[in-house]
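Student: model the structure of this input:
(one chain, ligands or ions: 1)
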Amino acid sequence: MLPVHTRIAPTPSGYLHKGNAFNFLLASQLARQSAGTLRLRIDDLDTLRMQPEHMADIFESLHWLGIEWQLGPRTMHEQTTAYARHLRLPRYHEVINRLMHTEKVFACTCSRKEIREMHTHGRYPGTCRHKNIPLDYPGSSIRIQVPEHIAIRFTDELKGETAINLWETTGDFVIRRRDLLPAYHIASLTDDIDYGINTIVRGEDLAGSTAAQLYLATLLGEHSFLNARFYHHHLLLDENGHKLSKSGGSTSLKWMREHGVTPQEITGLLNFYTPALKFYRK
Ligand SMILES: [Zn+2]
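Tutor: Below you'll find the predicted structure:
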């Protein structure tokens, strides 16, 4: 088995929950059982949504869960001084510029509100595709044209052959935001490429993100990402069957730590998945 080089990528926008823990444990186990590496990569690009206590919660939760990572920041101080994503902005913009040369990009001046009013469930229907708005038009975002009726295909290690119609899932998606920050897909893809990540573990709700990033990797000719292994796992749900959210409630790891829940009750969740992992390992 080839060593798994994977990452966990929490966003400090709330307190981590059981579902985040499950994702981290799965990635950690894959790295460990293959004598690979686990990298901690904190997604701190969107500073407006971040609080220091949520950053601290990431480190506290990982230590509590007993997760060991070999690469990435060991402390909050290291994160802000050596690993902050802002330090990599020139590199992200280099990737955006490469995409600009594909002639598949266009500027979009639609506001969030306007897109909501298009009644396409958040999917962008290509409104500005042929308006020829200059790419440096103030206040515009840059989107990439997504082909219609073409499925992005990949083999999911847990679900098998997967095909996602990106046009129906995201439509023409943003690669550079109107505030000039790189979009999530750009930062995530660029880091995965630059850090030699060969295995990506995500919740199944992010399969559309994987498809978007595979599409970008194809345009960029980035074979390492195209050859990566993907694990899209089931999401843990609350007692009402809803997705867990990053609040401080009883499904948060912080609440559990403070109320005497043992980390073993969380790490035990992984046992349900272990047979599936063994089955799909080649
Ligand atoms: Zn538009």
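Student: so who does the most centrally placed residue in the chain touch?
Tutor: By Cα atoms, centre = their mean, the mean C-alpha position of the chain lies nearest to residue 188, the distance being 6.1 Å. When the contact criterion is Cβ atoms under 8 Å, 6 or more residues apart in numbering, the partners of residue 188 are 9, 43, 209, 213. Every residue, glycine included, has its C-beta placed from N, CA and C.
Student: wait, doesn't residue 11 sit right on residue 43?
Tutor: Yes. Assessed by Cβ atoms under 8 Å, residue 11 is found in contact with residue 43 at 4.4 Å.
Student: quick revisit: can I get the contacts of residue 188 in CSV including secondary structure?
Tutor: Listed next are those as CSV, based on DSSP: H, G, I helix; E, B strand; the rest coil:
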residue, secondary structure
9, coil
43, coil
209, helix
213, helix
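Student: out of the residues you listed, flag the one nearest to the ion.
Tutor: residue 209 (20.7 Å; Cβ to the ion).
Student: model confidence for that closest one, exactly?
Tutor: In this model, residue 209 is scored at 97, pLDDT.
Student: can you check the one 4 residues further on too?
Tutor: On the pLDDT scale, residue 213 is placed at 98.
Student: figure out the helix or strand that residue 78 lives in.
Tutor: Using DSSP states H and E, residue 78 maps to helix 76-78.
Student: and the helix or strand where residue 255 lies, what's its mean pLDDT?
Tutor: Using DSSP H and E, residue 255 sits within helix 253-258. The average pLDDT within helix 253-258 is 93.
Student: mind giving me the packing neighbours of it?
Tutor: helix 18-33, helix 52-65, helix 263-267 (3 or more Cβ pairs under 8 Å, 6 or more residues apart in numbering; DSSP states H and E).
Student: give me that answer again for 6 Å
Tutor: helix 52-65 (3 or more Cβ pairs under 6 Å, 6 or more residues apart in numbering; DSSP states H and E).
Student: which parts of the helix holding residue 255 are buried?
Tutor: Within helix 253-258, the residues that count as buried by 16 or more other Cβ atoms under 10 Å are 253, 254, 256, 257.
Student: now that helix, how far from the centre of its chain.
Tutor: 24 Å (Cα atoms, centre = their mean, to the nearest Å).
Student: now stretch 161-168
Tutor: On Cα atoms, centre = their mean, the centre of stretch 161-168 falls 17 Å from the chain's centre.
Student: CA-only coordinates of it in PDB, if you can.
Tutor: Written as PDB, here are the backbone C-alpha positions of stretch 161-168 (Å, rounded to 0.1, in the frame of the first residue of the first chain):
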ATOM      1  CA  GLU A 161     -17.600   5.000  -9.500                       C
ATOM      2  CA  THR A 162     -19.000   8.500  -9.100                       C
ATOM      3  CA  ALA A 163     -20.300  10.900 -11.800                       C
ATOM      4  CA  ILE A 164     -21.300  14.500 -10.900                       C
ATOM      5  CA  ASN A 165     -22.900  17.000 -13.300                       C
ATOM      6  CA  LEU A 166     -21.000  20.100 -12.300                       C
ATOM      7  CA  TRP A 167     -23.300  22.400 -14.300                       C
ATOM      8  CA  GLU A 168     -26.300  21.200 -12.300                       C
END
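Student: would you point out the most distant pair within the contacts of residue 188?
Tutor: 43 and 213 (13.9 Å; Cβ to Cβ).
Student: of these two, who's got more company?
Tutor: residue 213 (26 against 16; other Cβ atoms under 10 Å).
Student: wait, what's in contact with that one?
Tutor: 185, 189 (Cβ atoms under 6 Å, 6 or more residues apart in numbering).
Student: and it, how far from residue 226?
Tutor: Using Cβ to Cβ, to the nearest Å, residue 213 is found at 10 Å from residue 226.
Student: thought residue 49 was touching residue 13, still the case?
Tutor: Yes. The criterion here is Cβ atoms under 6 Å, and residue 13 meets it with residue 49 at 4.6 Å.
Student: and those two? which has more neighbours close in?
Tutor: residue 13 (15 against 12).
Student: and what about the more buried one, helix, strand or coil?
Tutor: Relying on three-state DSSP, one would call residue 13 coil.
Student: pLDDT averaged over the host helix or strand of the residue nearest to the centre of the chain - what is it?
Tutor: Assigned by DSSP H and E, residue 188 falls within helix 184-194. Averaging pLDDT along helix 184-194 yields 98.
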